[in-house]
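Colleague: here you go, sequence then predicted model.
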Amino acid sequence: MIFRLKNKSSFRVLFMLTVISPLAAVISCSNDPYPSGLAGEPIYFGSFSEPPLQLDPAESYWSHEGQVIDQIYEPPVTYHYLKRPYEVIPLTAESLPEPVYFDLKGRKIKKPDPPAEKVGRVEYTIRIKKGIMYQNHPCFARTEDGSFRYHDLTDDDVRGFNQISDFPFSDTRELEAKDYVLQIKRMADPRVVCPIYATLARYIEGYEELHSDLEKVVNEERAQRQAKAGAGYNQERDERERPIKIDYSAFNCPGIQLVDKYTYRISLKRKYPPFIFWLCMHFFGPVPREALDFYEQKAAIDKQFVLNRCPVGTGPYFLQTYKPNEVMILEKNPNYHDDFYPTAGDTEDAERGLLADAEKQIPIIERQILRFEKESIPRWNKFLQGYYDASGIDDNVFDKVIQTNPDTGVGLSSVMTDHGIKLVKYVDTSLFYMAFNMMDDIVGGYSEKQCKLRQAISIAADYNDYIDIFQNGRGILAQGPIPPEIFGYRNGEEGTNPFTDEWDPVRERHKRKSIEEAKKLMTEAGYPDGIGPNGRPLTIYLDHAGANDPDFPVRFRWWRSRFAMLGINLEERGTDNSQFKIKRRKGTWQILISGWLADYPDPENFMFLFYGPNGKVKTGGVNAFNYENDEFDELFKKMETMMNSEKRQEIIDRMINILRHDAPAAWLCHSESYSLYHSWIHNIKPHSMLSNTMKYKRLEPEKRASLQPQWNKPVMWPVILLIVLFLGAIIPTAILHHRREKGAAL
C-alpha cells in the first residue's frame, strides 16, 4: 500500500499517529481498576460476582449478603476467631448470657442442666456494654432546638442525593438495649419476611401472639385506608407513599422484655441449648428506631434510601457506597468501640503467625473496595496482576494453579509460588445432597421396597466420581447429614453408611458400593434392570432451576449416565428460580439437588431439615424432603434439648442410622474450599460461622504497591513490530514524495 502525502505537515501528523501515539498508549496503559496511588494505602481490594440485594438484618439469609451485613450489625455475642471447636464469646454483651431454668410451676431450678421435661421456661438476661456508639448517620442528626433534622423530608430535601453520604449532616448515639428489643419484635411483624420467624415462634414465649397482634393492627389499618380510598385503591402504592408505622414498644411480649437502658431478657418456652448460637447471628443485631423513622418517609423511599440498601449499625465498618451492580465501599467506623485481636488460639496458630497482632485494636484495614465482576476470567486476571487481594479458584484455571504431589499432597504450581501466593484449604460445614420428595408415589414412601429404591439410586450417585470430574477433587463423600467440625460427625471407618458405602483403607476414604449391589437392591425394590411392574423402564424427573446455567447440560449428562447404569431413564424439568420455589412449596417435584450451609455449629441445625413438623408442604418449614418418621421426631426432640455428651452422641447415631435406612436423601458431599491470598495480606484463618472476619485481617500495602508495577510491565514488542511494519510501508512513500518535490524545484 502506498500513501499519497500532500506536504511535510501531513508527514509529521502520520509520524505522530504511527510512532509516538502507540508508544504513549502502551506506557500509560494499565488494567488497574482503581485510581493511581491507592495500592499503597491500607485498603482491601476485592470483588463479588453476585450483587447483595437484601441488607435488612431481619430478612437476609444468603451468605453473600451476610458478608456485608455482619460487618455492620453486631449481635450481643459472636465466635472466637481462632479457637476450634467454635467458641462463643461476648461482643456487645458484657458477658455470655447463661440460661436460667424454671420448672413447670415457675420455680427456679438450681441444677445447671436439668432434664427438658422438667423445664417450663428458660431466661437469658443480656446486659450490653456502655459507651458503644452507632456509625454516623443522618437519621440521628438534630437541629439546634433538638428536633430531628431529617425526619420530615420532602422531595426537594433529597434532590440530587444518590448515597446516604450525600446528606450534609449526620450524628450518632449510644447503643441501648431497646434497640435489640425492637429488632426481635420487628421480626414478628407480618410485613417483614423473616426466614427464621417459624423457629423463633417455636421457642420464644408469646412470640406467636405478638405476630397475631401485629398482624391485626396492620390489617385493620389497611382495611380503613381501603374503605376511605374506595375503588382503585392500590395497597402497594399507598404504603410506599404512607408506610404503616408501628410502635413496637407498645406491644407486650413476655418472651422479650426490656429490663433497663442496658439490659434486656429473652424467655423461651422450653429448654433449647443451641439458642446461644442464634444470638450470634445478624438477625439479633440492634436496629435503632431513628433508622426506621428515617427510612419510612416517602421522599427517602423514592430515592431508595431504605434499610435493605442502607444499613445502620455499630460494627467495625459502615457501607459508604452501595452500587450493587458496580462497586461497594465499606469504610472503617470511626465510632467503633474497643475490640482487640485475640491473644490465644489453637496450638499451631502462633507458628503460623496468627498471633502477631495480639491485643491490637481492630479493625486494622481502613477501607474495603469491592467491585462487581460477573465474569470469572477478568476477575482471575486482576488477581494475578495484584489488583485483587484474594481469589477463589475457577475450574477453568484449576490445573494451572494446583499441583498434586504423591509425597506432599495438594500444593500450588510454581507460577503461584513465584508470586508468593498462599493457598488456604478447609472443609466447609456444609452438606450437598440429592433430595427425594417423600410425598411422591414413586421415589417417596416408607415401605422396605421404596427405601431400597432410594438406596440403589444413592449408590449409583457415586459422588467421588463427580468430585473428581467437576470439583477437581474438592470435597469428601458424605455419609449422612452432619459435616466435619460439627458435634455428632463420625470420621473414618466408624462413620460409614452401611447401606450404600464402604471404607477404602488404601485411599483412606469412603466409596460407594458396587453397581452390582445397587442392581440387586433394584430387583428387591421391584425394578429388575430398571423395569417397573408395568413392564416399562422406570422414568424419574430431576427438577431444577438451572435452565440458564451453561454448565448444567454437562452435569446433567453425568447424572443421566449414572441412573442409566440401573436402567433408569432420568429426565430433567427446568424452571426459573421463582417457579422452582413454588414447586418445592407445593411438593410437586420428584428429585432435586441442593445443599445446606451451617448457620451455627450444632447438629440440630442439620437434623431439623428432617424433623416432621418442619415439613415444607404442611408447615412451610425447612424440611423440603417432607420426611416424616415418628421415631426420628421423638429422638430429635430429645437431642435438641441436650448439651453435647456421650448420651447425645448415642441419640445422634440412632437418628443418622434411621436416615441412612430411609434414605430421604442421597448424601453427596461436604465441599472443600480452596482460597488464594497474596503475600501482603495476613491473619487468614477460615471460619465457617463468621462472616465478619475482615476486621481481623492485616495488609502490607507498601509490598503490594511495589509488586504491582513489576507484574504489570508494558509489553513493548507488539507495538515495536507494528511501528516497524508501518515504517516499512511509509518509507517508500516518503522517498517518492521527496523526489517529486526535488524534481519540481529543478
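Modeller: On my side now, so go ahead.

Colleague: list the contacts of the residue lying closest to Met438 once chain neighbours are set aside.
Modeller: Once flanking residues are discounted, Met438 sits nearest to Gly444: 4.3 Å by Cβ to Cβ, 6 or more residues apart in numbering. Backbone N, C-alpha and C define where each C-beta goes, glycine included. By Cβ atoms under 8 Å, 6 or more residues apart in numbering, the contact set of Gly444 is Phe436, Asn437, Met438, Gln450, Asn626.

Colleague: how near is the third one to Gly445?
Modeller: Relative to Gly445, Met438 is positioned 7 Å away (criterion: Cβ to Cβ, to the nearest Å).

Colleague: between these two, which is the more surrounded one?
Modeller: More crowded of Met438 and Gly445, by other Cβ atoms under 10 Å: Met438, with 25 against 16.

Colleague: any idea which helix or strand carries the more buried one?
Modeller: Under DSSP states H and E, no helix or strand contains Met438.

Colleague: surely it is in contact with Pro664?
Modeller: Yes: in this structure, Met438 is within contact of Pro664 by Cβ atoms under 8 Å, at 5.6 Å.

Colleague: between the two, which contacts overlap?
Modeller: Counting by Cβ under 8 Å, 6+ apart, the shared contacts of Met438 and Pro664 are Phe625, Tyr627.

Colleague: where does pLDDT dip in the stretch 301-450 of the chain?
Modeller: 406-408 (pLDDT under 70).

Colleague: show me where it has its strands.
Modeller: 317-323, 327-332, 367-372, 390-391, 402-405, 409-412, 422-427, 430-436 (DSSP state E, counting those that start in this stretch).

Colleague: next one: the last one to chain centre, how far?
Modeller: The chain centroid and the centroid of strand 430-436 are separated by 18 Å under Cα atoms, centre = their mean, to the nearest Å.

Colleague: which secondary structure elements does that strand sit against?
Modeller: Contacts defined by 3 or more Cβ pairs under 8 Å, 6 or more residues apart in numbering; DSSP states H and E place strand 430-436 against helix 448-460, strand 591-597, strand 665-677.

Colleague: how about the strands of the stretch 451-600 of the chain, start to end?
Modeller: Using DSSP E, counting those that start in this stretch, strands in the stretch 451-600 of the chain cover 475-477, 501-504, 509-512, 539-544, 569-574, 591-597.

Colleague: packing partners of the shortest one?
Modeller: Other elements packing on strand 475-477 under the criterion 3+ Cβ pairs under 8 Å, 6+ apart are helix 463-470, strand 509-512, strand 665-677.

Colleague: partner strands of it, with direction?
Modeller: strand 665-677 (antiparallel) (DSSP bridges).

Colleague: what's the next secondary structure element after the helix or strand of the chain with the lowest mean pLDDT?
Modeller: Using mean pLDDT, DSSP states H and E, the weakest-scoring helix or strand in the chain turns out to be helix 21-28, at a mean of 48. Per DSSP H and E, the first helix or strand lying C-terminal to helix 21-28 is strand 43-48.

Colleague: could you identify the helix or strand that succeeds that next one?
Modeller: That would be, after strand 43-48 and using DSSP H and E, helix 63-69.

Colleague: now that next one: buried residues?
Modeller: Glu65, Gly66, Gln67, Val68, Ile69 (16 or more other Cβ atoms under 10 Å).

Colleague: which other residues reach it?
Modeller: Against helix 63-69 from outside (Cβ under 8 Å, 6+ apart): 48, 50, 52-55, 57, 60, 282, 285, 311, 319, 328, 330, 597, 691.

Colleague: go again using 6 Å as the cut-off
Modeller: For helix 63-69, the external contacting residues (Cβ atoms under 6 Å, 6 or more residues apart in numbering) are Glu50, Pro52, Gln54, Leu55, Pro57, Ser60, His282, Ser691.

Colleague: in its sheet, what does the next helix or strand after it sit against?
Modeller: Following helix 63-69 in sequence order, the next helix or strand is strand 77-79 (DSSP H and E). In the sheet, strand 77-79 lines up against strand 88-90 (antiparallel) (DSSP bridges).

Colleague: per the annotation, how does this structure divide into domains?
Modeller: Domain segmentation of the chain under automatic domain parsing yields 8-29+714-745, 61-299, 430-673.

Colleague: related to what we said a few turns ago, can I get the buried residues of helix 63-69 in TSV including distance to Leu258?
Modeller: Converted to TSV, those look like this (distance: Cβ to Cβ, whole Å):
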residue	distance to Leu258
Glu65	29
Gly66	27
Gln67	31
Val68	29
Ile69	24
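
Colleague: nearest to Ile362 among these?
Modeller: When the buried residues of helix 63-69 are compared for distance to Ile362 (Cβ to Cβ), Gln67 wins out at 17.0 Å.

Colleague: distance of the closest one from Tyr73?
Modeller: 12 Å.

Colleague: likewise Gln135?
Modeller: 11 Å.

Colleague: dump the domains of the chain into TSV; add distance to Tyr388 as well.
Modeller: Formatted as TSV, these follow (distance: least, Cβ to Cβ, whole Å):
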stretch	distance to Tyr388
domain 8-29+714-745	19
domain 61-299	15
domain 430-673	17
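
Colleague: could you say which one of these comes nearest to Glu702?
Modeller: Relative to Glu702, the nearest member of the domains of the chain by Cβ to Cβ is domain 8-29+714-745, separated by 22.8 Å.

Colleague: circling back: could you export the strands of the stretch 301-450 of the chain as a markdown table, including distance to Ala250 and mean neighbour count?
Modeller: Formatted as a markdown table, the strands of the stretch 301-450 of the chain follow (distance: least, Cβ to Cβ, whole Å; neighbours: other Cβ atoms under 10 Å):
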| stretch | distance to Ala250 | mean neighbour count |
| --- | --- | --- |
| strand 317-323 | 30 | 21 |
| strand 327-332 | 35 | 19 |
| strand 367-372 | 39 | 19 |
| strand 390-391 | 47 | 20 |
| strand 402-405 | 59 | 13 |
| strand 409-412 | 59 | 14 |
| strand 422-427 | 47 | 15 |
| strand 430-436 | 42 | 23 |
